[in-house]
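Student: below: sequence and its predicted model.
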Amino acid sequence: MARIDIENASVSYYLRKRGGASGLKGGSVGAQIIVGKRYLEIAALRNISLSLKDGDRVGLVGINGSGKSTLLKLCAGAVAAQSGRVSVEGTVSPQFALGSGLRPELTGRQNAELKCLYMRVPQSMVSRYVEEVKELSGLGGYFELPMQSYSAGMRSRLVMSLLRLVRGEILIMDEWINVADPSLNATVGGLQSKLIERSKILILASHSRRVLDDWVNEIMWIDKGEIRDFGPIGDVYPKYQKWLTERNERK
Ligand SMILES: Nc1ncnc2c1ncn2[C@@H]1O[C@H](COP(=O)(O)OP(=O)(O)OP(=O)(O)O)[C@@H](O)[C@H]1O
């Protein structure tokens, strides 16, 4: 049984203030910037409440900077709420930031081993998983060379293949991964589908209606760090789309 219960949670990022406050007034995207004496506060999420249980498949929509990734991070325990309550039952497997923490001086294999550590892969399964990452990546001998010797496409192959390390009951995805190389696309797509089918709760942020239609049944619309609407995809998505169109016309 997996559950996510969030009550009235707010998350802000704090930045040290440099220079004056002029020019910091709102743009058309992003959270409100609150100017303090020494710090700037970016109020990324404000009073969020939600309750998810087994079988829930939720898509997050919202324009750039509305707070989708921050909400995913909150559910994954990667950021803390400054106020409110967050309770998560079940193993969480974030798919976001697969490429973060990789080190160019290490080989593909060493990076995959390091990633196993970050993603809490049980020790007994590490060598099998690393071999599977190697197989998936198609990098062959390059898997044993430092990542700094890879081409951009080879690096992205390594990152995509790390998807094999994602496990858990609660699957948290920041965008569906589409790979530039068609020879890897079907494999990565298949891997993502399998992960979703096995998960108990799915939260997927995406700007693509097609991806959302395929995988979620409910939509949460986030705007300036607040939940603007939450419900069946057929109800909420058209409202969001209409709002987007009107917003673009006003520009
Ligand atoms: N590490 C950070 N430090 C400071 N501010 C941040 C940080 N991460 C996000 N923010 C700010 O928090 C707000 C919400 O950002 P978030 O990344 O959650 O939005 P998003 O909806 O996922 O955006 P996008 O669709 O562009 O990926 C934005 O105003 C952003 O500038």
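Tutor: Cool, got the structure.
Student: residue 40 in helix, strand or coil?
Tutor: strand (DSSP: H, G, I helix; E, B strand; the rest coil).
Student: burial measure for it, as a count.
Tutor: By the criterion of other Cβ atoms under 10 Å, residue 40 has 17 neighbours. Where C-beta positions appear, they are placed from N, C-alpha and C, glycine not excepted.
Student: kindly report the same for the one 5 residues further on.
Tutor: Using other Cβ under 10 Å, residue 45 has 27 other residues around it.
Student: how about the nearest residue to it, chain neighbours excluded?
Tutor: Of all residues not flanking residue 45 in the chain, residue 11 sits nearest, at 4.2 Å (Cβ to Cβ, 6 or more residues apart in numbering).
Student: mind listing what's buried along stretch 120-132?
Tutor: Using 16 or more other Cβ atoms under 10 Å as the test for burial, stretch 120-132 gives 121, 129-130.
Student: can you give me the buried ones in the host helix or strand of residue 237?
Tutor: Secondary-structure element containing residue 237, defined by DSSP states H and E: helix 233-250. Neighbour counts over helix 233-250 (16+ other Cβ under 10 Å) mark 233, 236-237, 240 as buried.
Student: low-confidence ranges in the chain?
Tutor: For the chain, the stretches with pLDDT under 70 are 20-22, 24-27, 178-180.
Student: from the buried residues of helix 233-250, which single one is nearest residue 37?
Tutor: residue 240 (37.5 Å; Cβ to Cβ).
Student: residue 146 versus the closest one, what's the distance?
Tutor: Applying Cβ to Cβ, to the nearest Å, the value for residue 240 to residue 146 is 45 Å.
Student: now do residue 226
Tutor: 45 Å.
Student: what is the burial count for residue 86?
Tutor: Neighbour tally, residue 86, other Cβ under 10 Å: 17.
Student: tell me the SS of it?
Tutor: strand.
Student: for it, what are its contacts?
Tutor: Residues in contact with residue 86 (Cβ atoms under 8 Å, 6 or more residues apart in numbering) are 5-7, 9, 74-75.
Student: next: residue 65.
Tutor: Residues in contact with residue 65, defined by Cβ under 8 Å, 6+ apart, are 29-31.
Student: name the element it belongs to?
Tutor: Using DSSP H and E, residue 65 falls outside every helix and strand.
Student: all the strands of this structure, residue numbers only.
Tutor: Using DSSP state E, the strands of the chain run over residues 3-16, 33-35, 39-53, 57-61, 83-89, 92-94, 170-174, 201-205, 218-223, 226-232.
Student: parallel or antiparallel, which strands does the second one pair with?
Tutor: Read that as strand 33-35. strand 39-53 (antiparallel) (DSSP bridges).
Student: quick one: the partner strand to chain centroid distance?
Tutor: Centre-to-centre, strand 39-53 and its host chain are 15 Å apart (Cα atoms, centre = their mean, to the nearest Å).
Student: what about the contacts of residue 65, which one has the most neighbours?
Tutor: residue 31 (22 neighbours).
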